[in-house]
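[1] I'll drop the sequence and a predicted model, then ask my questions.
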Amino acid sequence: MDRKLKRDEIPKQKAQNWRMNFNEEKKLSFNLAVPQIILKKETYKTLTSEDENRVRIYLGLEEEMSSGKYVLCAFGVASFLMGSGDVYADYETPVFKLGKENENFAQKTGLVIESIRRYRKWRAGEIDGGDELAPFRKYIYPNAYLLTKFELHEIFNTQNRAEAQIDFGVSKTMNVMIYPVSQETRSMDDDSEVFNEGGLCPPHCDERSIYNS
């Protein structure tokens, strides 16, 4: 009998399908290198604080290429509920670059914005316009992900893990997949718990955020 899924956990078959779709898309419109993206528990606590903020993950591109490929990177910021609606706004700081180490970029917000803008040019097909599939990226790849409280609470508080890995899969768009343990790569039949209920940007964006300019 299949066990009951935890809140915001996705079925393993769905996770496997998303990974397969992403690998297929890499052959078409996704020409980026993706290093390991890690959110550490200490960073999570800083971003959420006692106010229980949400975490928004922005995608960016490194300035330098690697082996002829653009390199994806990610930044974590705190988002708070604004008013009584379902609108979450970003704090400008703290902001962390998420990798094997989490680097505080609170004094480097200009570099964060530049990186995000490079990614959005890639997403819009402006960086490598010669690629005939580049214009379709905007329909597949979001700008950012607004994570729920529950998936990260499960990993960091309930399971008391030190790190969560941020990975990606494609349903119709590239979606975020969150694991309670970190590995360099994952096999198609990986049976780890996978969480996802991220709000994609667009449409779940903070239009006034400096990181969404």
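    All right, it came through fine.

[2] now the strands: where do they sit in the chain?
    According to DSSP state E, the chain carries its strands in the segments 32-33, 37-40, 54-61, 70-81, 88-98, 102-104, 144-146, 163-170, 174-179, 199-201.

[3] and of those, who's closest to residue 13?
    In terms of CB to CB, the element of those nearest to residue 13 is strand 163-170, at 12.1 Å. (C-beta placed from N, C-alpha, C; glycine too.)

[4] show me where the chain has helices.
    In the chain, the segments counted as helices under DSSP state H are 12-26, 41-48, 109-123, 149-153.

[5] For these, give me JSON lines that also has distance to residue 138, mean neighbour count and mean pLDDT.
    Written out in JSON lines, the entries for the helices of the chain read as follows (distance: least, CB to CB, whole Å; neighbours: other CB atoms under 10 Å; pLDDT from 0 to 100):
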{"stretch": "helix 12-26", "distance to residue 138": "14", "mean neighbour count": "16", "mean pLDDT": "90"}
{"stretch": "helix 41-48", "distance to residue 138": "27", "mean neighbour count": "18", "mean pLDDT": "97"}
{"stretch": "helix 109-123", "distance to residue 138": "6", "mean neighbour count": "18", "mean pLDDT": "97"}
{"stretch": "helix 149-153", "distance to residue 138": "26", "mean neighbour count": "19", "mean pLDDT": "92"}
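
[6] got those helices as a markdown table, with distance to residue 200 columns?
    Listed next are the helices of the chain as a markdown table, based on distance: least, CB to CB, whole Å:
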| stretch | distance to residue 200 |
| --- | --- |
| helix 12-26 | 14 |
| helix 41-48 | 19 |
| helix 109-123 | 13 |
| helix 149-153 | 15 |
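
[7] From residue 170, how far off is the closest residue to residue 29 other than its chain neighbours?
    For residue 29, ignoring the flanking residues on the chain, the nearest one in space by CB to CB, 6 or more residues apart in numbering is residue 133 at 4.3 Å. Separation of residue 133 from residue 170 (CB to CB, to the nearest Å): 14 Å.

[8] how far does stretch 5-20 stretch from start to finish?
    Between the opening and closing residues of stretch 5-20 there is a gap of 21 Å (CA to CA, to the nearest Å).

[9] Pick out the residue nearest the middle of this protein.
    In the chain, the C-alpha closest to the average C-alpha coordinate belongs to residue 57, at a distance of 4.7 Å (CA atoms, centre = their mean).

[10] Quick one: closest of the strands of the chain to residue 123.
    Between residue 123 and those, the tightest spacing by CB to CB is seen for strand 54-61, at 8.2 Å.

[11] Compute the inter-axis angle for the closest one and helix 109-123.
    Angle, strand 54-61 to helix 109-123, by axes from the mean of the first three to the mean of the last three CA atoms, to 10 degrees: 70 degrees.

[12] Packing partners of strand 54-61?
    Counting by 3 or more CB pairs under 8 Å, 6 or more residues apart in numbering; DSSP states H and E, the packing neighbours recorded for strand 54-61 are helix 41-48, strand 70-81, strand 88-98, helix 109-123, strand 144-146.
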